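Undergrad: here are the coordinates; sequence isn't available:
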């Protein structure tokens, strides 16, 4: 992979003669983080006064592009231009803020300060701050944009909607005419989304250019004129939304890459096997509500949903990392105490956490120690761990899961991502769990490891373990007997094996077109 | 770092108390200006300056912003690393000044001078409503916390509590104060 765009002065996606210069044009942007390529010669050009949607699946490079367009990160190569002018230096924050503003997914409001102070942070004026005039200026600014918020309130008390409006008002007050909204609707209810869209249309009429990032394709059709699709760190297409039917947009997002794995059809249907994991009426405010699901012994069930769908929080609740507000979790007939990981483990649950570095592994300990953490009690009498037995147990796991390591004593942080993940999986299965919950099991794992990881999971299922795969990766879900789709905190669809990629993605992204072969739950 | 500095203090003094201290070092600690000890004036002046700076200066507000949400502060153009370093330097400077004042008042340097004070300082700040999570609290509140703790200490001494027990009771009162603060505010006093 070479970045041919390095140092080329002319933007390839710049406007052709006759059309106005784009408000912002990024061309040939490449950005790598270590071994992962976040963006590869990708570009975007946003015409002045339009609302431009940027869509793509998780990991497509949207967030990286945003941080490059807002001057928070430098691209490895490529170029950003604002209305034809080259972008300012990274250290010149004020210049950036006059050009482009961003309402991030993560709030950039400081919760302990008042609204007024948040609006004028670091530009309160020289000398002593006159709080009264600051509040007056703030309320003038908020009134000017029709935002009904008391500037003297502490920002942490605002609702998500009010906070976003304050952030938009602050962005505009710098004089920026180009605003990036990064998934602004993820945490809003329907009425608030409608109000936000009305406001966006008003601002667009007054000449403000928007870049709108959303996982909800319906919204793209509602409020945007042009849409750009990113996939796997690359630019795929840019087209007016009116020329792009739903299915073409979805297929641009999924690509036409064939399935990587055999779909595991060899496994026999589970029939009436007893339920090993069942969730009834589970709810957690702000994440999900009234979730019911059942996993039978030997069954593999997939759970997919966008980042804000609450699927990871649901998995963490089942594993005991979070405590639900209500509802029940039953593992193999037992009810583990809510919010207690040891209790969930004792009930027969295996858990593969989302982030193996943060929650999965103790980096400096050896492969053997990491793999045998949950079964340490079985390796010797009275809490003593017999090193020989541990090493023997670890050797068995290394063989069974095909872990490429110098030996059981190698520190686990020396392993590659795929092999480290195999250690986590080996550990999750070391207890012979009745039910296994996995979150993004193949994230950051190379293709071959992916195959052997999923193979190990499938063979565990054949052995009678019920598996719940929570993932964004379609490849992870291919061998599942059925896939549940979560959207805004609810399980909205259940799709049997043999689904088409585009249908599933459409359901995940909230396109309300009916799915063939799917039934409403 | 604290242990290193503490060790340096013991090393330099040879573990002994120093009595032979030049008058210039002692002056601030035992001078009397306009009928009150100079240290009162200095303390009052510094608190006033601090309240003004933290409440009404851009750089003072930047400290709150960093404490509240460091990413947001950086996005607002605040040079967060620089501000944090300057705050740490000012803190060190003030601690040194406090040591000077104490030396002047006692007329000597004890080898264990200031030992354990850091916990009292934390307690005073927290009782005064300063969040150790950052971004919340005022210098005036911290001043009140200091005064409250000073009063408690004084009352215990005047009340004739035996010297062996005074620490335990003092600590117990701080604990109760923190629990009350949490119960009354309905959220963790962090």
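TA: Perfect, I can see it now. This one's a predicted model, so the numbers in the text were calculated from it and none came from an experiment.
Undergrad: can we go C-alpha only for contacts and neighbour counts from here?
TA: Noted.
Undergrad: Show the model's pLDDT score for the nearest residue to residue A:363 once chain neighbours are set aside.
TA: Excluding its sequence neighbours, the residue lying closest to residue A:363 (Cα to Cα, 6 or more residues apart in numbering or on different chains) is residue A:413, at 4.8 Å. In the predicted model, residue A:413 carries a pLDDT score of 75.
Undergrad: One more: the one 4 residues further on?
TA: The score at residue A:417 is 74. That number is its pLDDT.
Undergrad: Now do it against residue A:312, distance only.
TA: Remark: distance between residue A:417 and residue A:312 (Cα to Cα, to the nearest Å) = 21 Å.
Undergrad: Determine the three-state secondary structure at the residue nearest to residue A:363.
TA: Taken by DSSP: H, G, I helix; E, B strand; the rest coil, the conformation at residue A:413 corresponds to helix.
Undergrad: quick one: it and residue A:364 touch, right?
TA: Yes - here residue A:413 reaches residue A:364: they are 6.3 Å apart, a contact under Cα atoms under 8 Å.
Undergrad: more crowded one of the two?
TA: It is residue A:413, of residue A:413 and residue A:364, that has more neighbours when counted by other Cα atoms under 10 Å in any protein chain shown, with 16 against 13.
Undergrad: Select the longest helix from chain B.
TA: Of all the segments assigned as helix in chain B under DSSP state H, the longest by residue count is helix B:80-106.
Undergrad: for that one, which positions count as buried?
TA: Residues of helix B:80-106 classed as buried by neighbour count (16 or more other Cα atoms under 10 Å in any protein chain shown): B:80, B:83, B:97, B:98, B:99, B:100, B:101, B:102, B:103, B:104, B:105.
Undergrad: do stretch A:100-115 as well
TA: A:100-105, A:108-115.
Undergrad: who's sitting farthest from the centroid in chain B?
TA: Ranking residues of chain B by C-alpha distance from their mean position (Cα atoms, centre = their mean) puts residue B:75 at the top, at 31.0 Å.
Undergrad: now that we're looking at it, how far away is residue A:91 from it?
TA: When Cα to Cα is applied, the distance between residue B:75 and residue A:91 equals 11 Å.
Undergrad: residues in contact with the most centrally placed residue in chain B?
TA: If you average the C-alpha coordinates of chain B and look for the closest C-alpha using Cα atoms, centre = their mean, you land on residue B:121, 4.6 Å from that point. For residue B:121, the contacting residues are residue B:146, taking Cα atoms under 8 Å, 6 or more residues apart in numbering or on different chains as the criterion.
Undergrad: 6 Å - rerun?
TA: For residue B:121, the set of contacting residues under the criterion of Cα atoms under 6 Å, 6 or more residues apart in numbering or on different chains is empty.
Undergrad: Next SSE downstream of the host helix or strand of it?
TA: With elements delineated by DSSP states H and E, residue B:121 resides in helix B:117-127, which encompasses its position. Where DSSP H and E defines the elements, the next helix or strand beyond helix B:117-127 is helix B:139-158.
Undergrad: Can you give the contact residues for that following helix?
TA: Applying Cα under 6 Å, 6+ apart, the set of residues contacting helix B:139-158 from outside is B:51, B:124, B:125, B:127, B:128, B:129.
Undergrad: What is the burial count for residue B:164?
TA: Residue B:164: 8 surrounding residues under other Cα under 10 Å.
Undergrad: what are the phi and psi values for residue A:48?
TA: Recorded main-chain torsions at residue A:48 are phi -60, psi 140, according to degrees, to the nearest 10.
Undergrad: do residue A:38 as well
TA: Summarising the backbone geometry of residue A:38 under the convention degrees, to the nearest 10, its torsions are phi -90, psi -30.
Undergrad: That one: how many residues sit nearby?
TA: Applying other Cα under 10 Å, we find 22 residues neighbouring residue A:38.
Undergrad: Could you report the neighbour count for the residue nearest to residue A:402 when sequence neighbours are not counted?
TA: In space, and not counting its chain neighbours, residue A:402 is closest to residue A:452: 7.5 Å by Cα to Cα, 6+ apart. In terms of burial, residue A:452 registers 17 neighbours under the definition other Cα under 10 Å.
Undergrad: So residue A:493 lies in a helix, does it not?
TA: No - using three-state DSSP, the secondary structure at residue A:493 is strand, not a helix.
Undergrad: Hmm, residue A:485 and it touching each other?
TA: Yes - if you go by Cα atoms under 6 Å, residue A:493 and residue A:485 touch, sitting 5.1 Å apart.
Undergrad: Got the domain ranges for chain B?
TA: Following the assignment in automatic domain parsing, chain B carries domains at B:22-107, B:114-190.
Undergrad: can you put these in CSV and add distance to residue B:11 and mean pLDDT?
TA: Supplementary listing: the domains of chain B in CSV, determined by distance: least, Cα to Cα, whole Å; pLDDT from 0 to 100:
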stretch, distance to residue B:11, mean pLDDT
domain B:22-107, 17, 87
domain B:114-190, 15, 81
